[in-house]
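> Sequence first, then the predicted structure:
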Amino acid sequence: MTNFFATRQLRQFARADQGQAIVITALALSVLMLMAGLGVDVGFLRYQKQQMQKAADAGAIAGAAALEYGGGYLNAAYNDAAANGFTNGVNGVNVYVHHPPTTVGDPFYLDTNYVEVIVAQVQPTFFMPVGGFYSVPVSARAVAAATASASGCIYVLDPTDNDTYNNNNGGTGGMVNATCNVYVDSSSNQAFYSSGSGTCTTAHLIGVVGQVDQDSCGTSPKTGITSFTDPLMGLPAPTGWSCHTPQQSSPPTACTYTSPNGPFTCTASATVYADTYCGGIVINSGVAVTFSPTGPGNSTYILAGGGLTVNSGASVVSGSGGVTFFNTAAPGGIAGSINLASGTTENLVAPTSGTLQGILFFQDRNLLPGPSSPPATLGGSNAFIEGALYFPTAVVNYYGNSSANSPYTEIVAWKLNISGNSQFNDTYSGLGTGQSPIHTATLVE
């Protein structure tokens, strides 16, 4: 009898509104719990993907930067991905580094200027196993370029000395205006000097690792920046040259070569040709010389000892297509200086294509700072210089009132002394890449 009444009550309760509400509520709670669980899983997976994306971004930028500096892009990408929590081969993590990118259909597919990094790992789930999903593969991808224009156009590399940037050379300062950034690597508490009557340095930004000695006006330097390295250290130097009698000038009698160690001396106006000049090149006063990009050197002039001396009153111009001067030591000897004396007329343009596009002067970086790396003197009131002046271990004496109309002028020097008014622009549209010859890595995907 008891069971009969209990069963009857349950049937009545089930037909009642209260019973139906309990059933519906139970089902709704189950659905809500599943949805909440799904939300937890989705949130966790999204978080993991964000972390992977950070690792992929860091790896791609590191790989592209290493590629630019001639280093091992693979290790650089792996190391930065690991620093962001994803080590290749650990806990099921796979880090794929591709140079060039190998993702079919991507706009940078097989472009050697880019590095692609993919970070992948299978992630566990917590509530999705109810639906049969015990784990989910998650990945992130990034692509970085190694050819973006760097922000700077003046880099001073001496890491310790005073006044490594000196806009008051010999007591003669000037108004320096740069449409880009100026960076000074010296950690000295007197690293930057720009002072004197009519002496100012104005730039988009002035960054100094150390402190300011004197600064009378212009853009206030930002001190205490992170130390940096040679921004062109990955640029390959010319190789395969050897001393020989260079190609004759046109006309042949205008320039003579003293065999076997030079110099190549021009006593009358002439066209000379890209070749190896052991003992350097000397251009006498009153002589006009055109540096042709044609010749055995393919637009590169190898100055192996002796350097380049252009005496006062002489005129030098680069032929169509532009040229590069590579200054190095003579075999078993020392290097000569680059000396374009005051009173010369200079119209020199760097190549607009090729490996050395944008590089006008390239001093051998193997020359140690000091006597083995003689100074370079360029510029002046009659100078038009379009290109990068790369002297990583030499003092550069740059005379102003020059290059005001040049699309771009860049200086990388061990120390830099500036006299007179100088303009440094950063328009690179005339180069084949449309980018500065000084590159930086930047994320593009």
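In hand now; what should we look at?
> G387: neighbour count?
Using other Cβ atoms under 10 Å, G387 has 30 neighbouring residues. All C-beta atoms are positioned from the backbone trio N, CA, C, and that covers glycine.
> Mind giving me the packing neighbours of the helix or strand harbouring it?
Taking DSSP states H and E as the criterion, G387 maps to strand 383-399. Applying 3 or more Cβ pairs under 8 Å, 6 or more residues apart in numbering; DSSP states H and E, one finds that strand 383-399 contacts strand 345-349, strand 359-363, strand 376-379, strand 409-419.
> Note down every partner strand of it and its orientation.
Sheet partners assigned to strand 383-399 using DSSP bridges are listed as strand 345-349 (parallel), strand 359-363 (parallel), strand 376-379 (parallel), strand 409-419 (parallel).
> so which of those gets nearest M52?
Nearest to M52, of all the strands paired with strand 383-399, is strand 409-419, at 36.8 Å by Cβ to Cβ.
> Between the strands paired with strand 383-399, which one is closest to D57.
Ranking the strands paired with strand 383-399 by proximity to D57 (Cβ to Cβ) places strand 409-419 first, at 28.0 Å.
> Tell me the helix or strand right after the closest one.
strand 422-424.
> tell me the average confidence for that next one?
Mean pLDDT, computed over strand 422-424, is 89.
> contacting residues around it?
Contacts of strand 422-424 from elsewhere in the structure, counted by Cβ atoms under 8 Å, 6 or more residues apart in numbering, are 153-154, 174-180, 203, 379, 398, 400-404, 406, 408-411.
> Kindly reformat the helices and strands packed on strand 383-399 as CSV containing distance to D57, mean neighbour count and mean pLDDT.
Formatted as CSV, these follow (distance: least, Cβ to Cβ, whole Å; neighbours: other Cβ atoms under 10 Å; pLDDT from 0 to 100):
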stretch, distance to D57, mean neighbour count, mean pLDDT
strand 345-349, 38, 20, 91
strand 359-363, 30, 26, 97
strand 376-379, 39, 25, 90
strand 409-419, 28, 26, 94
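> Help me confirm that G59 is found in a strand?
No - applying DSSP: H, G, I helix; E, B strand; the rest coil, one finds G59 to be helix, outside a strand.
> Phi and psi next, for I281.
When read as degrees, to the nearest 10, the backbone of I281 gives phi -130, psi 130.
> Dig out what it forms beta bridges with.
With DSSP bridges as the rule, I281 is bridged to F264, L308.
> any idea how far it is from D364?
Distance of I281 to D364, computed by Cβ to Cβ, to the nearest Å: 16 Å.
> Quickly list the domain ranges of this structure.
2-149, 230-433 (automatic domain parsing).
> any idea which of those is most buried?
domain 230-433 (a mean of 20; mean count of other Cβ atoms under 10 Å).
> So, low pLDDT: which residues of this protein?
Within the chain, the stretches with pLDDT under 70 are 1-41, 69-70, 126-134, 169-173, 401-404.
> Would you map the helices across it?
Along the chain, counting by DSSP state H, helices occupy 2-15, 17-68, 73-83.
> what about the last one, distance to the chain center?
Spelled out, that is helix 73-83. The chain centroid and the centroid of helix 73-83 are separated by 19 Å under Cα atoms, centre = their mean, to the nearest Å.
> Mind listing the residues bridging to the residue nearest to A413 when sequence neighbours are not counted?
Among residues not flanking A413 along the chain, V396 sits closest, at 3.9 Å (Cβ to Cβ, 6 or more residues apart in numbering). Assessed by DSSP bridges, V396 has beta-bridge partners A376, L416.
> Dump the domains of the chain to CSV, plus distance to S220.
Formatted as CSV, the domains of the chain follow (distance: least, Cβ to Cβ, whole Å):
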stretch, distance to S220
domain 2-149, 24
domain 230-433, 18
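> Go through those and name the closest to A191.
Counting by Cβ to Cβ, A191 lies closest to domain 230-433 out of the domains of the chain; the figure is 10.6 Å.
> end-to-end on that closest one?
End-to-end distance for domain 230-433: 21 Å, by Cα to Cα, to the nearest Å.
> ditto for stretch 430-441
Stretch 430-441: ends 21 Å apart by Cα to Cα.
> hmm, who's touching that stretch?
Under the contact criterion Cβ under 8 Å, 6+ apart, stretch 430-441 has outside partners 61-62, 64-65, 67-68, 144-153, 155, 231-232, 235, 350, 352-354, 357-359, 386-388, 407-408, 410, 412, 426, 428.
> hmm, try it at 7 Å
Contact with stretch 430-441 is made by 61, 64-65, 68, 144-150, 152, 231-232, 352-353, 357-359, 388, 407, 410, 426, 428, as judged by Cβ atoms under 7 Å, 6 or more residues apart in numbering.
> if I look at the nearest residue to P260 once chain neighbours are set aside, how far off is A335?
Closest residue to P260 apart from its sequence neighbours, by Cβ to Cβ, 6+ apart: C243 at 6.4 Å. The gap separating C243 from A335 is 14 Å, by Cβ to Cβ.
> ok, back up a step: looking at the strands paired with strand 383-399, spot the one closest to D111.
Closest of the strands paired with strand 383-399 to D111 is strand 359-363, at 22.3 Å (criterion: Cβ to Cβ).
> For that closest one, list the C-alpha coordinates in CSV.
Output in CSV follows, covering the C-alpha atoms of strand 359-363 (Å, rounded to 0.1, in the frame of the first residue of the first chain):
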residue,chain,number,x,y,z
ILE,A,359,77.0,53.0,-49.8
LEU,A,360,79.3,55.8,-51.0
PHE,A,361,82.4,55.2,-48.7
PHE,A,362,83.0,51.9,-47.0
GLN,A,363,86.0,51.7,-44.7
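> Report the beta-bridge partners for the most centrally placed residue in the chain.
Geometric centre of the chain, nearest residue: H439, 2.6 Å, by Cα atoms, centre = their mean. The partner list for H439 in beta bridges (DSSP bridges) reads S149.
> What separation do you get for it and L67?
On the measure of Cβ to Cβ, H439 and L67 end up 10 Å apart.
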